[in-house]
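Colleague: Kindly generate the corresponding structure for this input.
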Amino acid sequence: MRSVIAMLAAAAVVAGGGAASAEPCDAANVVGTWSLVSVQAAEPGVQAFYDRAPYEWMRFKADGSVHYVASTRDRANRSEIEAMLDRTDAQDGVDYVIQWLDTGVMLMLRDGQPFQLGQCQIAATDDGPVRAGDLIYTNVEGMPSLRRIQRRLTP
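Modeller: Next up, the predicted model:
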């Protein structure tokens with residue numbers, strides 16, 4: 001499995017891509033809670049899911065764990081969002097963890113198994129729907145096209 005992960009990481013680094021005015025993410029600059037701004041997915045099931053539940057929040061912790069929840073309705077209250085993330089994490093029985101294969105290249109593990117490999121950048125400037133500070137996540141080349149824009153929730 002390590003050789004497959006190493007090969008995928010090398011492909012991700014070679015693939016490049018993303019926003020022109022952005023810096024690669026790392027373990028420190030993704031920590032926090034993020035709200036989904038937009039998602040574009042080539043996989044019909046993924047796009048259909050977000051058409052039904054267009055609101056999503058993700059929380060990246062310093063220990064590499066990730067929690068997320070999608071919803072059919074928006075939540076404006078930060079404490080409600082954090083409580084919802086806590087409840088979902090306690091109930092779903094699934095563990096998501098990020099391994100950084102290189103700066104800007106994250107492998108998400110689901111219950112210890114490779115789940116998603118992508119490139120992550122933090123936007124440096126506003127550009128269309130992207131605002132400075134937004135997280136831009138794209139799948140690596142060779143995987144179905146996916147582009148997520150997420151905005152950090154402020155305290």
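Colleague: Identify the residue nearest the geometric centre of this protein.
Modeller: When the chain is reduced to its mean C-alpha position, the nearest residue by C-alpha atoms, centre = their mean turns out to be Y137, at 5.7 Å.
Colleague: If the closest residue to L153 other than its chain neighbours is in a bridge, with which residues?
Modeller: Closest residue to L153 in three dimensions, ignoring its sequence neighbours and counting by C-beta to C-beta, 6 or more residues apart in numbering: T33, at 4.6 Å. (Each C-beta comes from the backbone N, C-alpha and C, glycine too.) With DSSP bridges as the criterion, the beta-bridge partners of T33 are R59.
Colleague: And V97, by the same measure?
Modeller: With beta bridges defined as DSSP bridges, V97 has these partners: S65, L109.
Colleague: who's in contact with it?
Modeller: With contacts defined as C-beta atoms under 8 Å, 6 or more residues apart in numbering, V97 is in contact with G64, S65, V66, M108, L109, G112.
Colleague: please redo it, this time with the cut-off set to 6 Å
Modeller: With contacts taken as C-beta atoms under 6 Å, 6 or more residues apart in numbering, V97 has the following neighbours: G64, S65, L109.
Colleague: ok, which stretches of this structure are helices?
Modeller: Counting by DSSP state H, the segments of the chain that form helices are 2-15, 44-52, 78-92.
Colleague: wait, doesn't R152 sit right on W34?
Modeller: Yes - using C-beta atoms under 6 Å as the test, R152 is close enough to W34 to be in contact (5.5 Å).
Colleague: what's the least confident stretch among the helices of the chain?
Modeller: Between these, the lowest average pLDDT goes to helix 2-15, which shows a mean of 44.
Colleague: circling back: out of the contacts of V97, the closest to T72 would be?
Modeller: S65 (25.2 Å; C-beta to C-beta).
Colleague: That closest one - how many residues pack around it?
Modeller: Other residues near S65 come to 13 when the count uses other C-beta atoms under 10 Å.
Colleague: try D63
Modeller: Using other C-beta under 10 Å, D63 has 9 neighbouring residues.
Colleague: how near is it to Y96?
Modeller: Taking C-beta to C-beta, to the nearest Å as the measure, D63 falls 12 Å from Y96.
Colleague: now N139
Modeller: If you measure N139 against Y96 using C-beta to C-beta, the figure is 16 Å.
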